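K.L.:
have a look at this fold, sequence not included:
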């Protein structure tokens, strides 16, 4: 089954002008605990986040770049030495040796494969990370040609993955032979050693320490960050390539026994077997083609947060296991909002019901003062709670879980938590989040905080504060009240008071009275804000239709859907603000301040294709084939940026250039969910 999931990119010509696809497309391999390996398909590290081993270490270390780069050369029998992997020279000049020799890049079962040709020599390279290990295998096979020598020069700069590439290097890098492994250490005793191991014929090491100075990180320069950095190399590792045999470099922060447990072939086979089981767990319609690709892409985001050891120990003691969702690669951690929005697509659509239950139970443990954590900063055991909507998405996620799986026991278990959340919202909780007793609508806002999903903030500037009563928050609040009413009656009996029914009815009446913007024929984005009511045309209004309990009166659905289609819909998602607004930005580009000014002011978000399809199908029931047509742009996007995944955001106008994270959980989740829904 897995051999049908192949995405093959076209051959890359050798002309200098054609180097861009090699440095603008990136690959990603993950390990199920938050660690990863990633770079451009041409071998250049263009981001500070790139590396062949970015290990997920116990807090407070967090994700750490351990093996940054690998220069790969082959020594041919005629004496020529050919460099295969790419590196970048100082001053911004690109040098991509691979462009002359890279004949194919593809994903097989979601894992990257490179094929190189030098004359009659044909060589294959693969990268795999064993599940739940901070270990990377770089595997080589000589497909055609005589035996030859492979030389590998590793380069390191141990640092937190968020640290700039200009961060001073750790002092005192040393390399030592420990048995059949080489260990690289630095002066920081908190960091584990990087253990390197060679597989193949005649392994060897030439000790030749070298600084690689003024390496240029192209994307960091574009984003306004330090772009020149240094790496340290201990020397060159070598191994013979023999036809029909496997050679490999293993890089790991795990203990020696763990590293030795799997040969390269065993590691690759084990990961392919695991991925094959994921496909067999998914519905039959999602086992091949685009559906199968998205099932495998979804797997990258579901993690065990090993850094929070205390919480993990407590969960295991209760017979449970912590589970969470990485919001996006490379730089996001696990976020409450993203997790709850993504849950259905990542786990329920794919048949991973047990993991869905674990995620919900995990986050229930973290509820404080009626709020779900917004995020867990990398390296921290404590969550941040500055969010008004993540908690309300929790209700939606639990409902989707119970509806799809039929497991009502989790509803009963979590009902006290959900009731406590609602009561906190009625009384009022942190950050000004609470129900207005005058009309039953939910309001939020605190100076200096960004509490909705439109959460850009830079240098103390909250770009879209949306203080007051936001349209999607009240759609979510109404949905939560309806669900809580239903769950309470189900668990505690039909004689239970209709308290939540009354709250829901009041919120619905007030919503339809206050949010309809008659002049525009759509919904206000925020009412009763510090500056009055906002008439900005944004996608948030769609949730008044798309959620299971739609708060908007039926006769207004068509007008809202028409406005969104005309002003916000693009081939890759919805604009976050309609053109024509003074704050509208067509491109997401530049330094941090410039980017954040555009983040929710026009920039297209791929995940919003989900509520669009839901709302459109609710208005046009049964027209699934037409609804699937809305997904075509995102499916085509699988060939670019983060190959095999879906970007976080896109520019607001053609050519809708992908931006932000190369792989975003809710982008993949909502495309996958809608692909299944419209199949």
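P.N.:
Ah, there it is. Note that the structure is a prediction, hence the values are computed from the model and not measured. Numbering: from 1, shown residues only.

K.L.:
rest of the way, CA atoms for contacts and neighbours
P.N.:
Fine.

K.L.:
residue 426: neighbour count?
P.N.:
18 (other Cα atoms under 10 Å).

K.L.:
distance between the ends of stretch 593-603?
P.N.:
This stretch, stretch 593-603, spans 14 Å end to end (Cα to Cα, to the nearest Å).

K.L.:
now do the helices in the stretch 301-450 of the chain.
P.N.:
309-317, 336-343, 353-365, 390-405, 409-427 (DSSP state H, counting those that start in this stretch).

K.L.:
of those, which is nearest residue 677?
P.N.:
Distance to residue 677, taken as Cα to Cα, is lowest for helix 390-405 among the helices of the stretch 301-450 of the chain, at 12.8 Å.

K.L.:
mean confidence for the closest one?
P.N.:
Averaging pLDDT along helix 390-405 yields 98.

K.L.:
name the element residue 297 belongs to?
P.N.:
helix 289-299 (DSSP states H and E).

K.L.:
now render the helices of the stretch 301-450 of the chain as CSV, adding distance to residue 270.
P.N.:
Output for these, formatted as CSV (distance: least, Cα to Cα, whole Å):
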stretch, distance to residue 270
helix 309-317, 25
helix 336-343, 26
helix 353-365, 20
helix 390-405, 29
helix 409-427, 32
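
K.L.:
and the ones you listed, which is most packed in?
P.N.:
helix 336-343 (a mean of 27; mean count of other Cα atoms under 10 Å).

K.L.:
mind listing what's buried along the longest helix along the chain?
P.N.:
For the chain, the longest helix by residue count, based on DSSP state H, is helix 471-492. Buried residues in helix 471-492, counted by 16 or more other Cα atoms under 10 Å: 471-485, 487-488.

K.L.:
repeat that for stretch 575-593.
P.N.:
In stretch 575-593, counting by 16+ other Cα under 10 Å, buried: 575-579, 584-589, 592-593.

K.L.:
per-residue pLDDT of the nearest residue to residue 465 once chain neighbours are set aside, please?
P.N.:
Excluding its sequence neighbours, the residue lying closest to residue 465 (Cα to Cα, 6 or more residues apart in numbering) is residue 450, at 5.4 Å. pLDDT for residue 450: 92.

K.L.:
same check, this time on residue 307
P.N.:
The predicted local confidence for residue 307 is 82.

K.L.:
state the distance from it to residue 322.
P.N.:
Distance from residue 307 to residue 322, by Cα to Cα: 11 Å.

K.L.:
same check on residue 488?
P.N.:
In terms of Cα to Cα, residue 488 sits 27 Å off from residue 322.

K.L.:
and residue 248, by the same measure?
P.N.:
From residue 248 over to residue 322 (counting by Cα to Cα), the distance is 33 Å.

K.L.:
circling back to that earlier point, could you give the mean pLDDT of the longest helix of the chain?
P.N.:
Per-residue scores along helix 471-492 average to 96.

K.L.:
that helix: how far from the chain's middle?
P.N.:
Put simply, helix 471-492 sits 29 Å off its chain's centre (Cα atoms, centre = their mean, to the nearest Å).

K.L.:
what is it packed up against?
P.N.:
helix 390-405, helix 409-427, strand 442-443, helix 499-514, helix 543-546 (3 or more Cα pairs under 8 Å, 6 or more residues apart in numbering; DSSP states H and E).

K.L.:
any chance of the ones you listed in a markdown table, with distance to residue 569 too?
P.N.:
As requested, those are exported to a markdown table (distance: least, Cα to Cα, whole Å):
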| stretch | distance to residue 569 |
| --- | --- |
| helix 390-405 | 23 |
| helix 409-427 | 33 |
| strand 442-443 | 28 |
| helix 499-514 | 24 |
| helix 543-546 | 15 |
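
K.L.:
so which of these comes closest to residue 60?
P.N.:
Per Cα to Cα, nearest to residue 60 of these: helix 390-405, 25.0 Å.

K.L.:
what's the closest one in contact with?
P.N.:
336-338, 340-341, 343-344, 348, 353, 356-357, 360, 370-374, 407-408, 410-411, 418, 421, 473, 476-477, 479-480, 483 (Cα atoms under 8 Å, 6 or more residues apart in numbering).

K.L.:
go with 7 Å
P.N.:
336-337, 340-341, 343-344, 348, 353, 371-372, 374, 408, 476-477, 480 (Cα atoms under 7 Å, 6 or more residues apart in numbering).

K.L.:
can you name the two of those residues that sit furthest apart?
P.N.:
374 and 408 (26.4 Å).

K.L.:
more crowded one of those two?
P.N.:
Higher neighbour count among residue 374 and residue 408: residue 374, with 24 against 16, using other Cα under 10 Å.

K.L.:
now do the same contact list for the more buried one.
P.N.:
335-337, 384-387, 390.

K.L.:
can you put these in JSON lines and add distance to residue 655?
P.N.:
Listed next are those as JSON lines, based on distance: Cα to Cα, whole Å:
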{"residue": "335", "distance to residue 655": "30"}
{"residue": "336", "distance to residue 655": "32"}
{"residue": "337", "distance to residue 655": "29"}
{"residue": "384", "distance to residue 655": "36"}
{"residue": "385", "distance to residue 655": "37"}
{"residue": "386", "distance to residue 655": "35"}
{"residue": "387", "distance to residue 655": "33"}
{"residue": "390", "distance to residue 655": "32"}
